[in-house]
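Enquirer: What would the 3D arrangement of this be:
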Amino acid sequence: MRYLSLSEVLELHRLVLEQSGGMTGIRDLGAIESALALPRMTFGGVDLYQILQEKAAARCFSMVMNHPFIDGNKRVGHAAMETFLVLCRFRIKSAGDSALNRPPIPRQIGR
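Expert: Model (predicted):
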C-alpha cells in the first residue's frame, strides 16, 4: 500500500490552489500529520480501517473536518483521497472525467 508523505500532501495543496485559487498557508501542521497517520491506526494489532476505501475516506474526512490549511481543505482532502487510491492502483471512474481538459492531480504526484 502506497501512503502519501507530508511533502506530497503539501505539494497537492500547492497544485490545488494553483488550479482553483485560494490563500496559501498551513494553519495546523499537526492536523495534517494526524490525517496522514489515521489510515494506519490499529487497535490490538488490527487495522481500524481495514480496506483501502476506508483508509482513503478516513484521511479525506480528517483533512476536511480538521482544517489544517488556511484554504482549500475540502479540495485537498479530496485530492489526497483520490491520489492515494490511484497510487494504490484502485480504479476510479467518473462520468465527468472526459470533460476535463487538464491532467488530474494524482498523475502529477508519486512519479
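
Enquirer: Nearest residue to the middle of the chain?
Expert: The centroid of the chain falls nearest to residue 80 when counting by Cα atoms, centre = their mean (1.3 Å).

Enquirer: residues of the one helix or strand that one maps to that come out buried?
Expert: Using DSSP states H and E, residue 80 sits in helix 73-87. Buried positions in helix 73-87, judged by neighbour count with 16 or more other Cβ atoms under 10 Å: 73, 75-87. Yep, even glycine has a C-beta here, placed from its N, CA and C like the rest.

Enquirer: Which single one of the residues you listed is nearest to residue 22?
Expert: residue 75 (7.9 Å; Cβ to Cβ).

Enquirer: Kindly state the pLDDT recorded for the nearest residue to the closest one once chain neighbours are set aside?
Expert: Nearest residue to residue 75, sequence neighbours excluded (Cβ to Cβ, 6 or more residues apart in numbering): residue 16, at 4.8 Å. You'll see residue 16 listed with a pLDDT of 96.

Enquirer: Pull the contacting residues for the residue nearest to the centre of the chain.
Expert: Counting by Cβ atoms under 8 Å, 6 or more residues apart in numbering, residue 80 makes contact with 4, 9, 12, 35, 59, 60, 63.

Enquirer: What about the residues you listed, which one has the most neighbours?
Expert: residue 63 (30 neighbours; other Cβ atoms under 10 Å).

Enquirer: what are the C-alpha coordinates of the helix or strand encompassing that residue, in CSV please?
Expert: Residue 63 belongs to helix 52-66 when assigned by DSSP H and E. Below are the C-alpha coordinates for helix 52-66, written out as CSV (Å, rounded to 0.1, in the frame of the first residue of the first chain):
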residue,chain,number,x,y,z
LEU,A,52,-8.4,0.6,1.0
GLN,A,53,-11.6,2.7,0.6
GLU,A,54,-12.0,3.1,4.4
LYS,A,55,-8.4,4.2,4.7
ALA,A,56,-8.9,6.8,1.9
ALA,A,57,-12.1,8.1,3.3
ALA,A,58,-10.6,8.4,6.8
ARG,A,59,-7.8,10.6,5.5
CYS,A,60,-10.2,12.7,3.5
PHE,A,61,-12.6,13.1,6.4
SER,A,62,-9.8,14.1,8.8
MET,A,63,-8.4,16.7,6.4
VAL,A,64,-11.8,18.2,5.6
MET,A,65,-13.0,18.4,9.3
ASN,A,66,-9.8,19.5,11.0
